[in-house]
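Q: mind looking at a prediction? Sequence and model below.
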Amino acid sequence: MDITERIPTLQQKIRKSHSILRRNRTVLATADRMLITSWVGLFESLGPLVGAATSEEDTLLCLESCGADLLICTDLLERGSGPSLVSRAKQANPQLKALMLVQRPVLRTLMAAIDAGCDGLCAKDLVGNGNLLAALQAMESDGTYLDRMVTGVLSHSRLRREQQRNPVDLSLREDDVLRGLCRGMSNQTIADELHLSIDTVKTHMKNLLQKLEAQDRTHAVVIAFREGLVELPPSAPPWQ
């Protein structure tokens, strides 16, 4: 898709985002080190970036020492999780605003983020489509923001689960491992992607098979798709 004609509009949205970010002291938290690197460069003109970390505990220490107003994090961290980070950070500083860039748009992740007190939820891949500005504007006016992909998953999941009699109770990490399994990934590949040890992945896998009452990995995949436990996000909205 050629989006050349949209460049002026996108640049205008970025400039508006700058004005909001300049009024906040921001901390970034993500397991994606490439994302941190790119945002550190961007924040040279965006506003005061006072800290960045890749794990839950390191981010909490950073928030405590930096006096941040805004936390931008992803749901996946090297250690810990985004929802847990937001919950603990809000307990320590109720005035802190938290925007989560969602990498795994599944119901359990989104509900955990909402329960944690996130002020904004955006699909990570759609941040450049004006969603960041919309989220920041909503959060600054003491509102909340859920982008279209997030609301689509929530609506789809709610309708489907209303029809389920006995939904399987999986943890967030078990959800992650199941999604990796359904993508045909090995235990080692899942461990590498989730920044977990191979033994931890094997433990989650064992628990998964028991909870799904699956005979083996292949049977678990069949059950996952049959019961709708693995959710594919809606198509990304077009550039506007």
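A: In hand now; what should we look at?
Q: thinking residue 182 is in contact with residue 222, fair?
A: No: with contact defined as CB atoms under 8 Å, residue 182 does not count as touching residue 222 (9.7 Å). For the C-beta atoms, the positions are set from N, CA and C on the backbone; glycine is no exception.
Q: helix, strand or coil for the spatially most distant residue from the centre of the chain?
A: Ranked by distance from the centre of the chain (CA atoms, centre = their mean), the top residue is residue 215, with 31.5 Å. At residue 215 the chain is in coil, as set by DSSP: H, G, I helix; E, B strand; the rest coil.
Q: name the nearest residue to it, ignoring sequence neighbours.
A: The shortest distance from residue 215 to any non-neighbouring residue, by CB to CB, 6 or more residues apart in numbering, is to residue 209 (7.9 Å).
Q: quick one: contacts for that neighbour?
A: 215, 216, 217, 220 (CB atoms under 8 Å, 6 or more residues apart in numbering).
Q: hmm, back to that, ok, residue 182 and residue 222, which is more surrounded?
A: A direct count of neighbours by other CB atoms under 10 Å for residue 182 and residue 222 places residue 182 higher, at 16 against 13.
Q: who are the neighbours in contact with the more buried one?
A: Per CB under 8 Å, 6+ apart, neighbours of residue 182: 221, 224, 225, 230.
Q: sorry, back to before: local confidence estimate at the residue nearest to residue 215?
A: Predicted confidence (pLDDT) for residue 209: 92.
Q: got any ranges where this protein has weak pLDDT?
A: For the chain, the stretches flagged by pLDDT under 70 are 1-4, 6-21, 44-47, 128-130, 141-143, 155-167, 228, 231-240.
Q: domain assignment for the protein?
A: The record assigns the chain these domain ranges, following automatic domain parsing: 4-154, 172-226.
Q: return the most buried member of those.
A: Counting by mean count of other CB atoms under 10 Å, domain 4-154 has the highest mean neighbour count of the domains of the chain, with a mean of 18.
Q: next one: that domain to chain centre, how far?
A: Remark: domain 4-154 is offset 9 Å from the chain centroid, using CA atoms, centre = their mean, to the nearest Å.
Q: so which residues of this protein form helices?
A: Taking DSSP state H to define them, one finds helices in the chain at 7-21, 33-46, 56-66, 82-92, 107-116, 131-140, 148-162, 172-182, 187-194, 198-212, 217-226.
Q: and the angle from the fifth one to helix 172-182?
A: Okay, so that is helix 107-116. Computed by axes from the mean of the first three to the mean of the last three CA atoms, to 10 degrees, the angle separating helix 107-116 from helix 172-182 equals 160 degrees.
Q: contacts for helix 107-116 next, please.
A: Contact with helix 107-116 is made by 75, 81-84, 86-87, 90, 98, 100, 102, 121, 150, 153-154, 157, 161, 170-172, 175, 231, as judged by CB under 8 Å, 6+ apart.
Q: so who does the most centrally placed residue in the chain touch?
A: Centroid-nearest residue in the chain: residue 102, 2.2 Å away (criterion: CA atoms, centre = their mean). The contact partners of residue 102, by CB under 8 Å, 6+ apart, come to 74, 75, 109, 110, 113, 121, 122, 123, 124, 149, 150.
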